[in-house]
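Trainee: next come a sequence and a model predicted from it.
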Amino acid sequence: MIALLVSAALAAPAGWNVTDATADSGTCELSLGPAETDGVIPMRAECVWKDVTLDQFKTKMSAWDHHDDYFTTVVESTIKTAGDKALVYQMHRSSGISDREVMITMWHEVVDGFERYAWNTATAEPLTVIKGNVRCARSEGYWQAKAEPTGGIRVVHLLSYDPGGSVPGFLVRWFQTSGLGTNATELHQSLRDGTVF
């Protein structure tokens, strides 16, 4: 019944397959898109959170160097160069594989009424990874939100991620489903309660 109610309120783009739907103090629909030219399968979460504001979202997401406070998979997020487009170093951690390191360009823009906080891999930037770690091949996406007419916010998260190196298939599948849902839940908790991980 919950899945039916969520599906009525949220709709994945054409060609995307819904993998899960949740309801707590809001609703989220998770979906996977068609494979991109490099083989990466993009992931998407769309949520309606009635208990947080757009200002709370903007404050959290604009603090590029605090993303490691909101997401357990981001263990370090350090601004290397600030500006309209910030250069940010991140280290990502998932159980069962080596830590991934990446340099990303992060920026803010307004798209179709959404406050969007976007990033893509800064592949040309020098990065010497810690011994035993792996340079992430690709991290691209955004978190965006806009106020809902009945209160709260509508949030859309899009992520195309290639961890690089060797990753067991079951871990890839886990992140494409449960991991994506965990990211959304962690951001929601941080916005609502000020949770730091």
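Mentor: Looks like it arrived, so ask away. Numbering: from 1, shown residues only.
Trainee: helices or strands up against the longest helix seen in the chain?
Mentor: Scanning the chain for the helix with the most residues, using DSSP state H, yields helix 180-193. The contact analysis (3 or more C-beta pairs under 8 Å, 6 or more residues apart in numbering; DSSP states H and E) places helix 180-193 against strand 17-23, strand 26-32, strand 43-49, helix 54-61, helix 67-70, strand 153-162. In this view, the C-beta of every residue, glycine as well, is placed from N, C-alpha and C.
Trainee: just the CA coordinates of stretch 114-131, formatted as CSV?
Mentor: Extracted in CSV, the C-alpha atoms of stretch 114-131 (Å, rounded to 0.1, in the frame of the first residue of the first chain):
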residue,chain,number,x,y,z
PHE,A,114,15.1,23.8,-8.0
GLU,A,115,18.1,24.9,-5.9
ARG,A,116,20.7,22.5,-7.3
TYR,A,117,24.1,21.6,-5.8
ALA,A,118,26.0,19.7,-8.5
TRP,A,119,29.4,18.2,-9.0
ASN,A,120,31.5,16.3,-11.6
THR,A,121,34.9,14.7,-11.6
ALA,A,122,37.8,17.0,-12.0
THR,A,123,39.8,14.4,-14.0
ALA,A,124,42.6,16.7,-15.0
GLU,A,125,43.4,17.7,-11.4
PRO,A,126,46.5,16.0,-9.9
LEU,A,127,45.7,13.5,-7.2
THR,A,128,48.1,11.1,-5.5
VAL,A,129,46.0,8.6,-3.7
ILE,A,130,47.0,7.1,-0.3
LYS,A,131,48.7,3.7,-0.7
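Trainee: any stretches of the chain with poor pLDDT?
Mentor: The chain contains residues with pLDDT under 70 at 1-9, 23-26.
Trainee: for the helices and strands packed on helix 180-193, give me CSV that also has distance to residue 129 and mean neighbour count.
Mentor: Formatted as CSV, the helices and strands packed on helix 180-193 follow (distance: least, C-beta to C-beta, whole Å; neighbours: other C-beta atoms under 10 Å):
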stretch, distance to residue 129, mean neighbour count
strand 17-23, 31, 16
strand 26-32, 28, 22
strand 43-49, 24, 23
helix 54-61, 26, 17
helix 67-70, 17, 20
strand 153-162, 15, 21
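Trainee: of the ones you listed, give the one that comes closest to residue 108.
Mentor: helix 54-61 (8.0 Å; C-beta to C-beta).
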